Structures are given as structure tokens and as C-alpha cells.
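>>> Predicted structure and sequence below. I'll ask about it afterward.
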Amino acid sequence: MNRELKRVTIVSLLMFLTLFVASTIIQYVQADNLAADPRNARTLYQSYSVERGPILVGGEPIAFSEPSDDDYKFQRIYADGPLYAPVTGFIPVNGEATGLEGSLNAELSGTSESQFFDSLNRLISGQDPMGASVEVTIDPVAQRAAWDALGDYTGAIIVTQPSSGRIIAMVTKPTYDPNTLAVHNGEEVDQTYQNLVEDPGDPLFNRATGGDMNPPGSVFKLVMTAAALESGQYTPDSTFPNPAEFTLPGTSSVVRNSSGGSCGGGSEVTLATALRLSCNIPFAELALELGDDAIRAQAEKFGFNSDFAIPNPTETSTYPENPDEPQTALTGFGQGDVRATPMQMAMVSAAIANGGIVMDPDLVESITAPDFRPIEEFDASQFGRAISESTARTMTEMMVNGVENGAASNARIDGVSVAGKTGTAENGEDDPYTLWFTGFAPADDPQYAITVLVEDGGGLGQEGFGNLIAAPLAKQVLEAVLNK
Amino acid sequence: MTDRGAARAPERAPATGSVRRIRMPQKLRNLELGLLIVACVINAGAIVLVQLGALGRVDTQLVLLGAGLSALVFGLHIAMRFVARDADPFLLPIATVLNGLGIAMIYRIDIAYGDAGWDSAAVRQIVWSVIAIAAALATILLIRNHRMLFRYTYLSGLIAIVLLLLPLVPGLGQTRGGARVWIGIGDLVTFQPGEIAKIALAVFFAGYLVRNRDSLSMVGRTFLGMRFPRGRDLGPLLVVWALSMAVIVFQRDLGTALLYFGLFLVMLYVATSRLSWVVLGLSLFFAGAIIASQTLDYVNGRFQNWLNAFDPAVYDAQGGSFQLVQGLFGLANGGLIGTGLGQGRPDLTPVPQSDYIIASLGEELGLAGLFAILALYVLFVARGFRIGFAGQDDFGKLLGVGLSFVVALQVFIVVGGVTRVIPLTGLTTPFLAAGGSSLVANWIIVALLLRLSDTVRNHPRLVIDG
């Protein structure tokens, strides 16, 4: 009987051995895979149970976490949610985070590599895990001024610091309240999100860095002028034929100036006058003379066709790859297949203000660990030189002229010289125009570069134009930040 | 069958045995006392840690209840100093610590669910523990010699059948989680008679096999090197097989069927030394299981859940693998050292306090804690098998093996189901899981094993001979 018993004992031990092996496989070998399963609610709850670091503007939190009594342990709260929505984004309980919440999730949740030892230390010493705080470059006064100025228009305003690339203000409208997407109820979040997606106003778009990409229209003439001056074959006094109508080569399509007549009279017009009065025909002629390769090269030096992370992902502004001659002529005044974000146009203005050097735009001033150890400090980085210093000086003069006695007159500010360029871009036969202003001030000591975008013709359809609607908004914001 | 008095004789003649074999009963009980104190400290510590982890403060009420329970365990210990002085010193502390850890985890789930008072499963578990330990005490006091059970072999068989049939009685039986294995009046007091039936079955099998093993083992034809039984001797095996199949079909309880059949097979093998019985029995059982998985939806579902647990369709299906996968997530969350008591999320898994208590413990105590718990079971079962090795009468040996193996097999079926070694079936984890019937049954098993081990210790000569 004992021989059988021995065998039964061995079988029983094998049964337990199987259990030891199986539990080791689950709890050790497979543990990471199981944790990564999207159905694993524990992983989700854990990422929420961390006290996320706050996002700060001027030391004041615009996003912060407060203890909550439910499974998620912390509730994310967005102070002035709609105002800062394009900066903060939101972190939903059942989807991907957007804005800084998404792009700096590792830092905010304390899981970035630079915080590894900090996290380990907190674990060992029994403190609850905590994320780093993020101070952004936004100036609350500028942000509020841009918000107020934009009013009920559909569009965006972005203000940057030309010398550093710091984003001082970034406003987009219509917008949403991130608090409604941070509730701890997945179904409610889904419903709210769905409503926002279906909203015809597209409130989830950040129109300052993306959205429905608009043609830049006449503000692109800055890139054209830069390309002309940089080629060495043109000066502001170079002349172009000055007809009232221009037929695109090989087509029957006719291009007109916005005035309907010639550009300020005369049989020839200078580059400086064409830019000041924002005439289309001379720039179509210039585009054909330069060719699309030269224009594209200049546009790309300003940042077109490149990806920028601020660190939030942004849409890429584009100059078309292989436009034919008529298309190339259209790009001369920012039509055709040219598309630009306000951020890109702000980079063009800022580069002119900054002696020709394009700075990488950035939203993050500093990242600080819970123990106040700095993890990251703002470090201005150059995208590259777009134009020479002398070209920058020349263009500044031309842009100041445009504001003082040209097409951008509504951006004039008493006692401050403003450099600017307006744009009124066509979208389709009967579609409302897209209205632009881009520029900087003070022209002699540039502190702020600004770009205003107003979609849907500012409600005036094809009656609205850049100087009427966009330029006064820029003036309003610049006044607010300069008088600060 | 050895006569008790005759076997005592060599004990009084130390010259025939080695000095090491001289027993010191008092030493055994003192060892047990020491281990019991350790067990109670562990249990109190677990409850306090649960409170600190989940509540952030210490609530003395439950600790006091636990202390009352400990007092009862010490009562059992004191009783044994008089009526079972030579009993195994490890069984009682192991059962105590497992029972206590179970209460701590059930209490932890109560906190997560916000249950208190009589809604609290932990309070009910403590009350059931009192009843169970009292039952163990009664068992050890009433059954002074295990061989009196031998006399009730067929009565035990009858009791087992009646207990198994009870849940099928209209008005008395209740169905839960698809299985009709409960009896009760409303929700008030419910009981799983099948848990007690396993003890009655072990007694019946032991008695029956001791009486009939000759005819079951001696004759038959040799095939493939094994001597197979005659057709007419297949009767008992077929009856138990049919019983197991009936449990699968009518009570929809795979785990219990596997438990009973496994118990019978092992006892049959030990009694007859015939591997052919095991081969025949396993073939029959697997044939039955395969037919059942083809014809019975719930059995098929269990297999699907097991094989394709992570398939989204299976995961989302009604009665699908959601629970199984959640349990795996919980275990993975625990990792090597666990989240700490009161600091995991075992409540995310369905029934974390009963069928899934092992996953709950694995999450909060980690792989280390799970290993410790499994090691306690190994030790418990090993002490039981020791009775089988050292026992002096075949009935006692068989009963000891049967009762120990039924605990081992039950742990394997439950934990194996949770860890995806075998399909998940509804069985309770001995001593740990919330549930009165399981506690009472397992504590009676403790009492019977203590009684059996006491007689082993009383016959040192036969320890050597065995």
C-alpha cells in the first residue's frame, strides 16, 4: 500500500508544482503583458491614482488634481478650461489625452525616465507617487487679451516672443471646456466627445496650430518678398508690369488685384509698393520669375513642410510639391495649394523680427519634480536662418510701411511702430474669405510677434477682408501686452 | 485490523525501539501551542494591515471578534491535550492561519464593497468559523477511535447520496452561478451539502474498499502489462462514474464531480495497487467530460473560456471569460511582492471573496504570499499522507489518504482554474473562501486527521515497520 501512497504523494506534489509554475508565469513572466492589456482596468486606475502634476501659467494652476472619493482617486480640474483648452488639452478616463496632458503625460504622471529614481524613492519611503509640475510660457494677460479680442469669431490668435520662440498666447474659437471631458464616467465622456466632434463649429480644433488648414493668402507675400530679396536679383525697388488683369499662362483664368484696377497706377510697380498695397498681379509675376523651387526653398526655411512639436503635435504647413505654372503663379499670393497655420505665419513674422533667424516655437517654460528639483528648463532652440539680417531689416521697413500707409492700416498703434501684413484668402467660388494679419511690435525692438486668423469671413462672407477684421484684433492684443 | 491494546505493548519495551522514537506527547502539544500563537499573530496582523491599507485606521471591533475566534481554537488545542495528546501538531495551526487569512481577505473585500454588520461576509465567516471549529471539537470528542467509522461504512454512503440529492429537492434546493448545489431557506441560511458529502464519501470509500479490495485487485486479464479487472467487478467504478456524471448533468457542477471521482480513483488505486483502475477511470471520466463539453452548453462554455480566454468575443460573452481574465489581471497586478493588504483592487474581479479569494490574496500578497499559502497546503496534505504511510490499519490509512487528497485535489481544481491550468469550475478554496459549508467540512477533516494522527503516534512500533 505504501508504494501506491508514494505515487499518490508524487502526483499530489506535481499538482502543487503545476500551481507554483502557473502562478509564477502569471505573476512574473506574463505580468507586464497582462498589465498592458487595454481591458485591464487596474492599469487605468493606477495611472489615475497618481496625483498628476499641475500645469501652471504664471505660477497659477490651470490644470490640477484634487482627491476624489471614487476609483480614480483624483479628479483633474481645469481652471479657465475653455481659455486654456488648446494648451492643456484633456485627459479622459477612457481614451487618449490631448494637449500638454498628452504630450507631457509621462512627466505629469511621474513616469518619465528622468523621474525614475524619484518615483523609486517615493515608493521606498512610502510616499504616494506624484507627477512633475509644468510651467508654460503663456502670459495670462496676453492670453486673456487674445481671448477677449477674438470675441465670437471663428479663428485663432497666437502671440510669440520672436527672440526665443516662446508662445505667449494661444487662443482658438470656438472651443470646449476640458472639465466636461475629465469626468469619471466613460459613457458621459464618450457622449460629450461625440457631441463636440459632430458640432459644425469644430470646437475640438486648435486653429492656431491646425484644424481645417487655410490658404494664407496675402500674408504669404512675406515669404515671396523674402525669396525675391534673398535671391539677390531683386530689391524693394525692382519693378513689375502693372496691368489690371493678368491671365494665368496656358489658361483663360484671370487674376485681379483686390482693388480691381492696377496696383496704385502706372505701367510698372515696385516690389515695395506691391507688398504695401498687397497687390496680387505683381506677386503672380514674381512667382513665375522665381519658380516654385525657389519659393518652396524659402518657405521651407521658414518652417513650411516641417513638423513642429510644441511639444503638442501641430499640423504641418505646406507649400505644394510640383505645381504647374498657373498653380505656381497662384502660390505667389498664397492661394493654390499653399496651406498655413497661424503658428507658421507667426514664425515668419518672428523670423523677420529676429534678424532672420527662425526659433522653434515652444509652450514649456519649465518642468519641476515634486521635490522642486528642476527636470527641464526652457532652452531656446533655433530652427535655422531663413533670411539675412539685411533682408530682415528691409522687410521690417516694408511691413511698417504697410501698417503706416498701406493695406494693414488698421493695426496702427499711437506711439508704437507696428510691422504687419494682412491677408484675405479665397477658399472657393462662393465661400467666405479667410482673414489674416501677421506682424510684430515694436518694429524697432520686437517684443511680440502676432498672427490673427479669422475664418468664415468674420461673418461677412466675401465682404470681410484682413484689414477690416483681423488687423484691429492684432492691434487690440498688441496694445494690451505692450501697455502691461 | 490491528488490535489497539496489542499494539501498545512494544511501546512499553523501549529496548525494541530506538531512543529517537520515544514520543513526548507534551512536547507535541507545546509545539502546537507555539505554532498556534504564531498563527494567531499572523491573523491579527493581517486584519490590522487590511485596516491600515484600506481604511487608514485600526478598527478594534473585528480584531476582538478575531480574538474570540482564536480563543476557540485554543479551546480545541486544550481539548486535544486530553483526548488526542499524540495528534499531529501542524494541522491545527495551518488550518487556523488559512482560516484567518481568509477572514482578513473577506473583510478587505467587505471594506471595498462597503458592507458592514450582518451584510459583512467577514462577520458571517467568523460566525461560520465558530460553528466549524465547534464541529471539529465535537468530532474529536465524539470519535475517540476512527475505527468506529468503519462500522458506519454503508450508512456513510447513504448519507453521501442523500446530501448530494438534497439540492435537487424542490423548494429546498437553490441554484447559484448556474450550479444547483445549494440548500437553504430563502437567503437566510444556505448550505452546500456536497461539501459534507465528500467526507461521508471518503469514509464510505475507505470502508468499502477495505472490505472488497481483494475481489477488485486479484482477478482479471493482463493487457499492455496491466491487469485489468473483470467486467463484473467494474460495478463500483461505473456507479461512481455515473454519480459524477449525474452531478455534471443535474447539478451543473464540474468541479465537484471531478473532486468525487478523483477521490474515488485515488483511494481505489491505493487500496488495490492497480494502475489499470486509474487508466480505466480516467478514460471514463475524460470520455464523459468530452461528451459533456459537446452536449452541455455550460461545460462547453467553461472549455471555451479556458482555451480562448483573451478572445474578445469570449471575454464579452454572458458567462464568458471576464472573471477568469480579471483574476489574471489581479494576479499580475500583485506581481512578486503584491500590492500590500488593502491596497490592491481585488474587488474588480467577480466573487473575489469566495471562488476567487486565491486571486485576491495573490494580488495583495503577491507571488511570495501565494507561494506561502500553497506551501501551507502542501504541508497540510503531507501531514495527512504521513498518516497513510504510518497508519497501522488499512481503514485508517485509506481514510487519511482520502481526506488529505481531497484537500489537495480541491486546491488544485480551484487554484488551477484561477491560474488557467485547467478549466475554471466552481469550488471553494479550503479554509480560505467565504462559505459556511466548506469551512465546516474542512474543519471536520482537520478533526478526523487529528484523530487519525493521534492513533498513529500511539503506535510507534508500527511507525518503524511502516
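Nice, I can see it.
>>> Tell me which residue of the stretch 251-400 of chain B lies closest to chain A.
Of all residues in the stretch 251-400 of chain B, the one sitting closest to chain A is B:Ala332 (3.5 Å; CB to the nearest CB). C-beta coordinates here come from the backbone N, C-alpha and C atoms, glycine included.
>>> Ignoring the adjacent residues along the chain, who's closest to that residue?
Among residues not flanking B:Ala332 along the chain, A:Leu34 sits closest, at 3.5 Å (CB to CB, 6 or more residues apart in numbering or on different chains).
>>> Packing partners of whatever helix or strand B:Ile248 lives in?
Under DSSP states H and E, the secondary-structure element containing B:Ile248 is helix B:235-250. Applying 3 or more CB pairs under 8 Å, 6 or more residues apart in numbering or on different chains; DSSP states H and E, one finds that helix B:235-250 makes contact with helix B:193-217, helix B:254-272, helix B:275-295.
>>> How about the first one, which residues are buried there?
Just to be clear, that refers to helix B:193-217. Neighbour-count burial for helix B:193-217, counted by 16 or more other CB atoms under 10 Å in any protein chain shown, picks out B:193-210, B:213, B:216-217.
>>> quick check: mean pLDDT across the helix holding B:Ile248?
Per-residue pLDDT values over helix B:235-250 give a mean of 86.
>>> now swap in stretch B:410-426 and tell me
Taken as a whole, stretch B:410-426 has an average pLDDT of 92.
>>> near chain A at all, that stretch?
Yes: figure legend: stretch B:410-426 in contact with chain A (CB under 8 Å from any CB of the partner chain); contacting residues B:411-412, B:415-416, B:419-421.
>>> and that stretch, how far apart are its ends?
One end of stretch B:410-426 sits 10 Å from the other (CA to CA, to the nearest Å).
>>> Return the residues of chain A in contact with chain B.
Counting by CB under 8 Å from any CB, the positions of chain A adjacent to chain B are A:1-5, A:7-9, A:11-13, A:15-16, A:18-20, A:22-24, A:26-28, A:30-35, A:37, A:39-43, A:45, A:71.
>>> run the last query once more with 7 Å
A:1-2, A:4-5, A:8-9, A:12, A:15-16, A:18-20, A:22-24, A:26-28, A:30-31, A:34-35, A:37, A:39-42, A:45 (CB under 7 Å from any CB of the partner chain).
>>> ok, A:Asp456 touching A:Thr154?
Yes: using CB atoms under 7 Å as the test, A:Asp456 is close enough to A:Thr154 to be in contact (5.2 Å).
>>> Which of the two has more residues huddled nearby?
Set side by side, A:Asp456 and A:Thr154 show more neighbours around A:Thr154, with 23 against 18, by other CB atoms under 10 Å in any protein chain shown.
>>> Spit out the contact partners of the more buried one.
A:173-174, A:201, A:455-456 (CB atoms under 7 Å, 6 or more residues apart in numbering or on different chains).
>>> which regions of the chain lie under the pLDDT threshold?
Using chain A. Judged against pLDDT under 70, the low-scoring parts of chain A cover residues A:47, A:111, A:113, A:116, A:118-128, A:484.
>>> right idea, wrong chain: chain B
By pLDDT under 70, the weakly predicted segments of chain B are B:1-25, B:177-178, B:185-189, B:218-221, B:225-227, B:457-466.
>>> By residue count, which strand of it is the longest?
What stands out as the longest strand in chain B, according to DSSP state E, is strand B:179-185.
>>> Give me the buried stretch members for it, please.
By neighbour count, and taking 16+ other CB under 10 Å as the criterion, the buried residues in strand B:179-185 are B:179-183.
>>> Stretch A:86-99 too?
A:86-93, A:97-99.
>>> can you give me the strands for the stretch 51-200 of chain B?
Assigned strands in the stretch 51-200 of chain B, in chain order: B:173-176, B:179-185, B:189-191 (criterion: DSSP state E, counting those that start in this stretch).
>>> Report all helices and strands that the first one contacts.
Spelled out, it's strand B:173-176. Using 3 or more CB pairs under 7 Å, 6 or more residues apart in numbering or on different chains; DSSP states H and E as the contact test, the elements touching strand B:173-176 are strand B:179-185.
>>> Direction included, what does the strand it packs on pair up with?
strand B:173-176 (antiparallel), strand B:189-191 (antiparallel) (DSSP bridges).
>>> Would you confirm that A:Glu365 belongs to a strand?
Yes: going by DSSP: H, G, I helix; E, B strand; the rest coil, the assignment for A:Glu365 places it inside a strand.
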